[in-house]
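Trainee: Next input, structure requested:
(5 chains)
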Amino acid sequence: MLRFLARRLLIIPLILLGLSIVTFTVSRLVPGDPVKLAAGPQARPEQIIKLTEEFGLDRPLPEQYFMYMTGLLQGNWGYSISTKREVGPDLVTYFAATLELTIVSTLIGLAVGIPLAVVSARWRDRWPDHFSRFISIGAVSVPVFWIAIVLQIVLAQNLRLLPVSGRFDPRMSYPETYTGLLLLDTLIGGNIPAFLTTLRYLIIPALCQSLLVIALVTRQLRGDLLDIVRKDFVLVARANGIPERVIWTRYLMKNALIATVSMMGFLIGFQLGGAVLIEYVLDWPGIGQYALKAALQLDFQPIMGSTLFIGCVVVLVNLITDLLYRVIDPRIGLS
Amino acid sequence: MTILELRNLTKVFGGRVRAVDDVSLTIEAGATFGLLGESGSGKSTLARLIPRLIEPTSGEIFFEGKPLQNLRERDLRPVREQIQIVFQNPFSSLNPRMTVRELIGEPLYIHKRASGAALDEQVREMMRLVGLNPEHTNRFPHEFSGGQRQRIGIARAIILRPKLLILDEPTSALDVSVQAQVLNLLIDLQRTLHLTYLLITHDLSVVRYMCDDVALMYLGSIVEQGTVQRIFRQPAHPYTQALLRDIPSTDPDQRMLESVSLEADIVSAPWNGQGCRFSPRCPVAQIGECKTVEPALVEVTTGQRAACHLVKPHLVTP
Amino acid sequence: MAQNHFDPTRKMVEDFQAGRVSRREFLKFVTALTAGVATAGVPVIAAAKNVAKAPVRGTLNQVEPKILIYGGSQDIATIDPFDRTDYSIAAIIRQLYDRLFRFEGGWPQPIEPGLVQEWSSSADASEWTFKITDQARFHDGSPLTSEDVVFSYQQTLKAQKQRSSLLSGFLDVDGITAPDATTVVMKLKIPYGSFDRLLAFLEQPIASKAIALANEVDGDGGAAYLIDHEAGSGPFRIKNWQIGSVYELEAVEDYWQGWPGEGRLSGVVWQKTEDAGTRKLGLLAGNFDISDTISSTDIEEINANETTMVSVNYGLLAGYLKYNTQAGPTADPNFRKFLAYSFDRQAFADSQQGYVSIMTGPLPEGVPGYDPDLDPQYSYDPVKAKEHLDMTEFKDGGISIDFVYVSGLDFEEAGGLILLAELQKYNITLNLVPKNWPDIVGACTVPESGPHIAFIFDAFPPLADTWLIEKYSSKSWDRPTGGSYQACSFYKNETVDSLLDELRLTTDTARIDAIVQEVQTIISNDAPDMPLYVTPNITGLNKRVKGFTYYGDISVDFWRLWLDDAT
Amino acid sequence: MTQSAQPLVEIRDLFTEMVTFDGVSKVLNGVNLTINKGDLLGLVGETGCGKSVTAMTIPRLVPQPPARYTRGQVLFRGEDMLTKQGEELRQTRAQHIGVVFQDPMTGLNPVFTIEQQMVDAILTRQQSLHATGFFRGWLPSNRERRRQARERAIQLLRRVGIPEPEKRINAYPHQFSGGMRQRVLIAMAISGRPDLLIADEPTTALDVSVQAQILRLIAELVREIDLTVLLITHNIGVVAQLCNRIAVMYAGNVVESGPTREVLNAPKHPYTQGLLQAIPSEDIARGELVGVAGSVPSLLTPPPGCRFAPRCAHATDRCLTAFPRTIAVTSQHEVACVLHEAEAKTA
Amino acid sequence: MTTLSSPPLSRWSRWKADHASQITDLRRGIYRFSRNRLSVIGLTLVILLLIIAITAPLWVPYPGDVTGSINMAERLKPPSAEHLFGTDDAGRDVFSRTIMATRTSFQVGVIILVVAITIGVTLGAIAGYFGGWVNQVIMRLTDIMLTFPGIFLALAISAALGRGVLNAMLALSITWWPGYCRLVEAQMLKMREEDFVAGARAIGASNTRIIFRHILPNLLTAIIIKASMDFGFAVLNLAALGFIGVGVLPPEPDWGSMISAGRRFIPGSWWYSTFPGLFMFVTVLAFNLLGDGLRDLLDPNSTVRS
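Mentor: The predicted model follows:
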């Protein structure tokens, strides 16, 4: 266990180093002139030169990279030319929104996906299976930006059930933030109306985002369950007269969930970055939107920052799920 | 004439697991040498060490007097033509994506012995030789029964006319009725093609039926070795004795269940690396040496050697 | 296999036991927690359902009666009074701070007094004197004095950020002084007759020197502090400010200028909504009271909606097709004229639902010197186009030229498509090349990298000289650091250059008019670009919003607005 | 041989099909088999002969689909198992049948401890395992029951020869060797004091020495508790050593059955004879082993008559067309072969 | 061969006789596949879409509308006999553009997958077969790529490189190969230990032969399954890029940018974005259904055995 942890922890910096080199190179090799943009159309030549020096863009690339990395090690994520702000604090704010969305959509995904998978596996090749497979295949086939638009039009515009976009009702006073996760913050603050409002704003984006989770969880879990149900120990349990309900709820689920847990790392990582489309359509103030805007502006420090930040988080999530996997699965955990 | 000699061959996996531990043995040309052992005894690893499918950690391999251990991959190829393996599982040892023609003809193709129509002809001939219908050249392995697949495996192994054939549990996945067919085929082939066999198995009755000499492996090391006649009549090592006792006889009048046998198994009574490796399970290990000193393989009678402190040459009647 | 290995020693067994127990305890804990949350969740969800059913506006309005929700297309990255002037930043700063002059609406914009009550200039327009009101109070209650004005202008000039670029051509840090508490004097480097107009356009916010200096870090004059704190005297102050998510203002009840309308807002929330579709939906759904930058395609729908309407106003954002006059086929004036005659402006206007103001010459309406009689010289005319094409070496076509525009801007793309369809008739391929804005800015530096045709929008102060110089003077691009995107035609005409030099220094209004007129004629003849149209500022309003007047900006002036739910 | 033979299981004329993607496989072709109380019956046959399907039909552990019972009866304690369903079926399994499977490596759920699995098995037989398993053990009464079950589990483990059962019961299956897992599975199977123990190739995956230990354990248990055993194996030696009766299956039929000694010493069916001759033994010299020619027919398109006919040296035209009836050669010894029609005892 | 007197067979029947078993296998496969109704629907749709994509230029009613013609007089006309799916904001026929976008999507999807599979399989095979430091280098690189959510990276790359189908393909290919590398590497590690690989080594086969002749054919099904599902996702991601505005260049049509553009006209001119969206949904659904069916079909565990 410790050896594994040490190995994994050793690899993380290497991965991040590689990632930073890749993103730095990509973000700096593209054409465009962010300095001119920052200086404005009427900028005088001396202003442009001054800004170029300020951003260090007159130095050779390796030196710039080195400067960036030294800054990063001191906790300085750089400075955005287009927003004129430090990248670090922005990343944290935006990331909290994405994280909240990811967590909620993952929970929805699991809550829907697990029962679907069980139903599907238990009545394999019968209508519940066809139904749930169609749902899960359909869910991955719908373009997420399309479904977001549809939900927006139907639920928000026509039925007026939910807000069109955003994260919180502008008419209400914004709740105190402690963690950046509004659901949690409003609960901590005991602000129930704000909590409910947050919930209402979350529904459309979280529903859209959870489609993929539902699909992947159902698909994976169904496969795992079908694999496991063929195992001898299920036969032994049946032979011992263990009721079918117990077999499906306990005997199989624990095994199958172990595989699902190992998938969660991928799934969460995927959502953290994949939320960009939903954030774009539904104007969710998340890190994907931030990064996309930076990419369109060629604002390279926020690009690097958000890339590395997501990279770190994904690596961390993977590490946690791996550990969790090892804790849950007695076969690996203790050897 | 000695065709194969192993000297102090050792294979260590992952720095700890001594799968094959200091094994030395000699096989005479034309003979059938049996290597007997339970699962995990390292016998399959040994089989793969000989043509260097896996690299030995230390020790020497001599094939027809030539050392193999230092040959480069390229120089090894002519030797590998001479040493072929038939694998245990006829279901996993044949590439499921290849037809019988490709499977049997591949060695010829690789070693550029034949191609085109000549290759086809040789393949068909070989199929007849091992008792397969030569019209089935376009079939895939999964269309054959276990016995037929093993015949394909044998055909593939002997098409290059090797001198030494390593048979890694060739019949353990087969039913008895089929096993008999395959064993008889092997005997026939040995006679017609003048093959030398290294037969690896856990089945004592197969060894008794097929082999001239036999060596017993336990946890990577040979604990007893000798001619089949000797060892089956007068087993010296307590392990050999226990094994012989534990084979359920098909004769209902020979009861084996009443007799005492080994109590634990390899996994639940592990060897701590000290002393005799069999001592944790040995029903008779009494002297202190058993737990501290590893016994050497010593001759107990002519043509029989055993590694046990309790077996002294004079104790065994010739 | 190692994992089947069982070590029977006591210690290990105990370890297993310990591991098992803790794991199980842990699972129990999690189970209990889940169960608890689940039980608590049921009433919460039930309550949420009720809230969803309740009429949202009614309940919430009782709590916050007069808050206006503004759907803005841009984020408000900073509220730095000394830096850039994104329309969103300008819009907010306008609420927080007062400035010397104020636009009161109408078109072209008349300038009105703000903090300045009276102003005058020396005869040669090199020294300007401004009288400041003594009524203005900062939000902390302290009075606004001329010291604060001087401080604010000096900070901007020192910072040398975007806001200073036009100003620094005329004014140095030492050029601005405060002889007494209500007087500010500015001595210009070069005389400028329209300096008051320039100042009005620049809208320099006046920040409290005391607050700024109180929060000084490393001698920056409070610059860092003011990036996200306000020190102003405007009609609104910050209530809640979280970059990226919340921008909330509240009204200053006793604002020194008073409140002009029949009622007033108690606050404003800027709801950043970058997507145009979402902005529209927000307005239609009643989530937003105002949405800016509405697409012309949405006008009909918003007007058709019972509670909403649209206000369309033309400002100073003008779109040009800029030809590279130094390189490629477009270096040939005849080819440029061929392009000009080939572009069907009416089709383009149609594509924008008719909500465009077609330009007749280099200057848009609203800039002094604009000549309404100057007919569009190059209206769509295939016959003339062919004539001009025949005069070039490309009369048989077979060439391909690039049309660069900003990725994602559909109106620019529409322009490209119209030209593309037309050029196909002459066997000329037009490659639509959408690029990111910084790419275009980078490419427009030197003629070598300049695109054949670039669709570029300019927004300028309503001053003919600045407008013309930045675009058509070769000095704007023929320099070591290269040109800005305005000079993407890389136009070089000696006569124009000398006329523009003269224009800058002249204070004689008659002479100015003459020069502007002459320059426009020459430029029209040379056709270095195709002045296309002035884009409208389309603002969507909920009908309960009262007091709206357009005053030349994308955003609106919140000070004048109030909400009336009766309608 | 008990005189007061009382049938515990009677399989009558059982026909079973398996629906596969390749077609319908006729796996059981009129199986007749009787297991008397106290019997230790060895069911032998080669791969795919249908012995597992036959045995697992008794507790109805053959999944349907793909299996399909087209004809026949399976009487267990006088009740037809083929008509049982749901709770009734589960009860029968729990109360009266214990099953041990071939592969001890996969027979135990790897993510639960031995204790959890054994306690569940014991409780389910006491009718007190509750389906709301997730919150099990929280009610005091439940906790007490589980504690008692644990005690019983430890006893059982001790009985099947697990050293230090109080400690080992907390371990996970992967911490056990194959032989020990098989012992655990046996302990679970006998925890409900079943009438019938079905052991499906219980020693095939084990080494000879461990096999001997397990066989010895089964023999002991049979003596100790009043157990009827159906042992499925392809190893005739195992049957010879352990069982008092033997039934030989070939391609979906029981071709010969009777007292072990009688059948093994004087096999009547050509297949049984061939099977016995195919085993290498001391007396057979190299190259003289006689196997059974040919291979097992495809059950998708089985031969119309005697299924062994294509491989049989004595086959006549009649064998190829007509299905042989079962003939009692002695009172206990039955064989399904036309060769022995003459010896048929009049019933 | 055995009987010389047998009548000469035609080449076809000869071939049939020689490959009888392959034919049986195929027939069996078709039978099994046909049992899964959802995948049959998927396959039918895929074939239909493929035919549409290939033949579209021949019968699309307004081919000019795809290459740059505009007709402002016909703006935003609702569906009619003349314009089945109505017209867009430049008066172009939405039907023609939607149909032709199928072609674009298929081309791009195929190229992305071919590039990604080529890179991924090659690297994965090398890493898996040789192991050691080669494996470490390749797999850590793969980890770096996989650390990153594909769509995010693709968006960033193509946003930075600028709009255009080539850039989009490049971006998507870059983010796609690691999946195949992982798949092949894992399978390779497993296959390396298979008896038949040891067997091939024993008869003296070279590493290249073992990788390409022995192991990779066995991974084919896994790759095909993944590819058939990925194809849908590739189409989806291309559309996502188009939606954001970094995909295919105008005037060439693609579903994403059509949805994005048409969205401004919802609900008034609903047809503009609805039809491209529907087409894309059907395409992705078809490939997913097919992939799912193939997986069930080719999954060795799914065979029912007695």
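
Trainee: Please state the offset of whichever strand or helix holds A:Pro13 from the chain centre?
Mentor: Under the criterion of DSSP states H and E, A:Pro13 resides in helix A:2-29. For helix A:2-29, the distance from its own C-alpha centre to the chain's C-alpha centre is 19 Å (CA atoms, centre = their mean, to the nearest Å).

Trainee: Neighbours of the closest residue to D:Gln6 other than its chain neighbours, how many?
Mentor: Closest residue to D:Gln6 apart from its sequence neighbours, by CB to CB, 6 or more residues apart in numbering or on different chains: D:Lys37 at 4.7 Å. For every residue, glycine as well, the C-beta is placed using N, CA and C. If you count neighbours by other CB atoms under 10 Å in any protein chain shown, D:Lys37 ends up with 17.

Trainee: Need phi/psi at D:Lys37.
Mentor: The phi/psi pair for D:Lys37 (degrees, to the nearest 10) reads phi -60, psi 130.

Trainee: Check the gap between it and D:Cys243 for me.
Mentor: 15 Å (CB to CB, to the nearest Å).

Trainee: Over to D:Pro163?
Mentor: Distance from D:Pro163 to D:Cys243, by CB to CB: 29 Å.

Trainee: In contact with the residue in the stretch 51-200 of chain A positioned nearest to chain D, which residues are there?
Mentor: Using CB to the nearest CB, the closest approach of the stretch 51-200 of chain A to chain D is made by A:Asp125 at 8.5 Å. Under the criterion of CB atoms under 8 Å, 6 or more residues apart in numbering or on different chains, A:Asp125 has no neighbours.

Trainee: doesn't it fall inside a strand?
Mentor: No - counting by DSSP: H, G, I helix; E, B strand; the rest coil, one finds A:Asp125 to be coil, located in no strand.

Trainee: For the closest residue to chain B within chain A, grab the count of nearby residues.
Mentor: Closest approach between chain A and chain B, counting by CB to the nearest CB: A:Arg3, at 12.8 Å. Using other CB under 10 Å, the number of residues around A:Arg3 comes to 7.

Trainee: next one: C:Thr495
Mentor: Neighbours around C:Thr495, by other CB under 10 Å: 11.

Trainee: how close does the residue nearest to D:Gln6 get to D:Pro7?
Mentor: Taking CB to CB, one finds D:Lys37 at 8 Å from D:Pro7.

Trainee: Grab the nearest non-local neighbour of B:Ile61.
Mentor: Counting by CB to CB, 6+ apart, the residue nearest B:Ile61 is B:Leu68, at 4.4 Å.

Trainee: Spit out the contact partners of C:Leu100.
Mentor: Counting by CB under 8 Å, 6+ apart, C:Leu100 has contacts C:Gly114, C:Leu115, C:Val116, C:Phe130, C:Val149, C:Leu199, C:Ala200, C:Gln204, C:Ile206.

Trainee: please redo it, this time with the cut-off set to 10 Å
Mentor: Each residue near C:Leu100 by CB atoms under 10 Å, 6 or more residues apart in numbering or on different chains is listed here: C:111, C:113-116, C:119, C:130, C:132, C:149, C:152-153, C:184, C:196, C:199-200, C:202-206.

Trainee: circling back to that earlier point, quick check, the helix or strand that the helix holding A:Pro13 is followed by touching chain C?
Mentor: Using DSSP H and E, the helix or strand that follows helix A:2-29 towards the C-terminus is helix A:34-39. Yes - against chain C, helix A:34-39 shows contacts by CB under 10 Å from any CB of the partner chain at A:Pro34, A:Val35, A:Lys36, A:Leu37, A:Ala38, A:Ala39.

Trainee: Please, which helix or strand holds D:Thr16?
Mentor: Per DSSP H and E: strand D:7-20 holds D:Thr16.
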